[in-house]
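Novice: this one's sequence-less:
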Ligand SMILES: Nc1ncnc2c1ncn2[C@@H]1O[C@H](COP(=O)(O)OP(=O)(O)OP(=O)(O)O)[C@@H](O)[C@H]1O
Ligand code: SF4
Ligand SMILES: [Mg+2]
């Protein structure tokens, strides 16, 4: 079976610093949700940007439905950028303050040659209605909307081009809890109605638990554990996943934003990148880097102890 999106051995560098190491990631055809979890600085946004071709890939391949996209240019790159849409955390920065929200969606349709000039306003209104925004909001400027409304506009604009894959980079972390919950309801509804596939970046394990069937745990730019979300969260195999999990004793509680420890992708010459923090570290952990290996049903873990 050809997966929707497949990253193989993808590494991403900022100058001489490697921020992502040999990432393997698969997003199946929709409806499907894959989560990327990991503390601040672990490389989540970098991965999102690399998948979107907003950040060059140092090595490895990314393919959409079996077609390598890392070397696309011109019209084929534009088509790819249409197929994969991203929603960033900060809705304020993503919208042009001088363009009314209806106009922002119309512009997305125009940029991708969807519909005719006369059809686009109605199409934009339908998209805004789909994400739960009233008609009269069409004519407002972004600063005349709430944060939650702005985030809906951004989701509507992403949906305008009927994407195959949506990349959601902490889409609700700037919003208060009740507004977050409504945006999550929206994502859940769209997932079924549009058979959407999405890659959801979140610090929030309750959100991941609810919206994603697969979870990928990152630590300093490396996947340390991945597999079915239930298995990863209920019985985490990697000591780092255990640490993340332990900091959220009650899953299912309303989402909250947790201050996670920040890390930098420091060069780890050999050995396990987590060794300095790991309660289970032993001699071998300092000498030999654990590779990701299969553990149980669909799960893989990179730890000498697992
Ligand atoms: N433009 C850049 N130039 C150099 N280093 C960068 C750049 N962007 C990110 N980095 C570094 O790459 C690492 C990964 O950053 P990234 O933004 O991907 O983390 P993240 O997991 O999205 O974190 P957060 O949860 O805080 O959003 C960090 O150490 C960061 O400092
Ligand atoms: S390999 Fe060793 S240091 Fe790394 S997570 Fe496993 S036990 Fe801890
Ligand atoms: Mg980020």
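Specialist: That came in fine, so what should we check first? Model, not experiment: these values are computed from the prediction. Ligands and ions are numbered 1, 2, ... in the order given.

Novice: got a list of what residue 26 touches?
Specialist: By CB atoms under 8 Å, 6 or more residues apart in numbering, the contact list for residue 26 reads 3, 5, 6, 7, 34. Bear in mind the C-beta positions are built from the backbone N, C-alpha and C, glycine included.

Novice: ok, now how distant is the closest residue to ligand 3 within the chain from residue 203?
Specialist: Going by CB to the ion, ligand 3 is nearest to residue 45 of the chain, at 3.1 Å. According to CB to CB, to the nearest Å, residue 45 stands 12 Å off from residue 203.

Novice: In the stretch 201-306 of the chain, where is pLDDT below threshold?
Specialist: Applying pLDDT under 70 to the stretch 201-306 of the chain flags the ranges 249-268.

Novice: what about the helices in it?
Specialist: Per DSSP state H, counting those that start in this stretch, the stretch 201-306 of the chain carries helices over the ranges 205-211, 229-234, 239-246, 283-287.

Novice: Only the buried residues of the longest one, if you could.
Specialist: To tie it back to what came earlier, the one meant is helix 239-246. For helix 239-246, the neighbour count (16 or more other CB atoms under 10 Å) marks 239, 240, 241, 242, 243, 244, 245 as buried.

Novice: Save the residues you listed as a markdown table, and put in distance to residue 88 too.
Specialist: As requested, these are exported to a markdown table (distance: CB to CB, whole Å):
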| residue | distance to residue 88 |
| --- | --- |
| 239 | 31 |
| 240 | 26 |
| 241 | 26 |
| 242 | 30 |
| 243 | 27 |
| 244 | 23 |
| 245 | 26 |
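
Novice: For the stretch 1-150 of the chain, just list every one of the helices.
Specialist: Applying DSSP H, counting those that start in this stretch to the stretch 1-150 of the chain gives helices spanning 44-51, 74-83, 91-94, 101-111, 120-130, 147-159.

Novice: and residue 244, what is it in contact with?
Specialist: Neighbours of residue 244 in contact, by CB under 8 Å, 6+ apart: 37, 39, 205, 217, 236.

Novice: Which of the residues you listed sits closest to ligand 1?
Specialist: Nearest to ligand 1 among the contacts of residue 244: residue 39, at 6.8 Å, using CB to the nearest ligand atom.

Novice: What is the burial count for that closest one?
Specialist: 19 (other CB atoms under 10 Å).

Novice: For it, what are phi and psi?
Specialist: The phi/psi pair for residue 39 (degrees, to the nearest 10) reads phi -70, psi 170.

Novice: Offset the numbering so it begins at 34, please.
Specialist: From this message on, residue numbering opens at 34, which makes the last subject residue 72.

Novice: which stretches of the stretch 84-233 of the chain have low pLDDT?
Specialist: Across the stretch 84-233 of the chain (using pLDDT under 70), the flagged ranges come out as 124-125.

Novice: Out of the contacts of residue 59, which is nearest to ligand 1?
Specialist: residue 40 (14.4 Å).

Novice: Give me the neighbour count for the residue lying closest to that closest one once chain neighbours are set aside.
Specialist: Nearest non-adjacent residue to residue 40, counting by CB to CB, 6 or more residues apart in numbering: residue 58, 4.3 Å away. Here the number of neighbours of residue 58 (other CB under 10 Å) works out to 20.

Novice: residues contacting residue 58?
Specialist: Shown in contact with residue 58 (CB under 8 Å, 6+ apart): 38, 39, 40, 43, 67, 80, 232, 249, 256.

Novice: Can you name the residues bridging to the third one?
Specialist: So the one you mean is residue 40. residue 58, residue 95 (DSSP bridges).

Novice: which residues pair with residue 334 across the strands?
Specialist: The partner residues for residue 334, given DSSP bridges, come to residue 258, residue 326.

Novice: Given the strand or helix carrying residue 199, what are its sheet partners and their directions?
Specialist: Assessed by DSSP states H and E, residue 199 sits inside strand 198-202. The pairing partners recorded for strand 198-202 under DSSP bridges are strand 117-120 (parallel), strand 230-234 (parallel).

Novice: Tell me which of those strands lies nearest to residue 328.
Specialist: Closest to residue 328 of the strands paired with strand 198-202 is strand 230-234 (CB to CB; 22.2 Å).

Novice: that older thread, generate TSV for the strands paired with strand 198-202, with distance to ligand 1 and mean neighbour count as supplementary columns.
Specialist: Output for these, formatted as TSV (distance: least, CB to the nearest ligand atom, whole Å; neighbours: other CB atoms under 10 Å):
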stretch	distance to ligand 1	mean neighbour count
strand 117-120	13	24
strand 230-234	7	25
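
Novice: would a markdown table of those with distance to residue 134 be doable?
Specialist: Shown next, in a markdown table, are these (distance: least, CB to CB, whole Å):
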| stretch | distance to residue 134 |
| --- | --- |
| strand 117-120 | 15 |
| strand 230-234 | 22 |
